[in-house]
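Chemist: fold the following for me, if possible:
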Amino acid sequence: MEELTSNVLVLLSGGIDSCACVSYYIAQGASVRTLFVDYGQVSAQKEYGAALEICDYYKISLDTVKLFGHKTWSGGYVPGRNSFLLHVGIMYFQYNSGIIALGIHSGPNYSDCTPEFVRIMQTSFDLYTDGCVNIGTPFVNFNKRDVWNYCKSQNVPIGLTYSCELGKEQPCGYCLSCKDLEILNAC
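Modeler: Numbers count the residues shown, from 1 in each chain. Sure thing, here's the model as predicted:
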């Protein structure tokens, strides 16, 4: 896990993984802010509601960015999503140094959920910030079960989170996130 700095911006989707990031950095004693990005995902309204509840639980603020005039995403894999979120985060970041964190983990077959992706993105961050802002991915080497177990061990408020990629009641039984929830809740 990365070296801690006091200023952390967590890209908070309202899901389990980003909620775990909030918990992780608060437990480390960081000054945590959060940012919700509405990029046209079908689940944006429910994700935003969950993000608000998570921030209320942890007594931290939630800022938002909304993208207009673009394609609406119907769910599932969104090409460039994590790269886009990180770059929105760096544009929004209000400090000269710190961490911009997201809750990616191993397991999904997505190229933007790997240590290699983080290394590539960190190179971009270094270009823009002279190495003063790092990407925080405390769970990049965890699988979903590991993140779930972390949440349980740290009393992360999983019940406040929302993860359905299709914007339905969860678990919907169709999207990857809800299938993960069904498996994890069965154990």
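
Chemist: in the protein, which spans are helices?
Modeler: 16-27, 44-58, 81-92, 115-129, 144-153, 176-186 (DSSP state H).

Chemist: other residues contacting the longest strand belonging to the chain?
Modeler: The strand that spans the most residues within the chain, counting by DSSP state E, is strand 31-38. Residues from elsewhere that reach strand 31-38 (Cβ atoms under 8 Å, 6 or more residues apart in numbering): 6-14, 22, 25-26, 44, 47-48, 51, 54-55, 58, 60-67, 84-85, 88-89, 92, 94. C-beta here means a position set from N, CA and C on the backbone, and glycine is covered the same way.

Chemist: mean confidence for that strand?
Modeler: Strand 31-38 carries an average pLDDT of 96.

Chemist: okay, now the sheet partners of that strand, with direction.
Modeler: strand 7-11 (parallel), strand 62-66 (parallel) (DSSP bridges).

Chemist: output the first one in PDB with nothing but the alpha carbons.
Modeler: In this case it means strand 7-11. C-alpha atoms of strand 7-11 as PDB (Å, rounded to 0.1, in the frame of the first residue of the first chain):
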ATOM      1  CA  ASN A   7      -4.600  15.200   1.500                       C
ATOM      2  CA  VAL A   8      -6.700  12.500  -0.200                       C
ATOM      3  CA  LEU A   9      -9.400  12.900  -2.800                       C
ATOM      4  CA  VAL A  10     -11.400   9.700  -3.100                       C
ATOM      5  CA  LEU A  11     -13.300   9.200  -6.400                       C
END
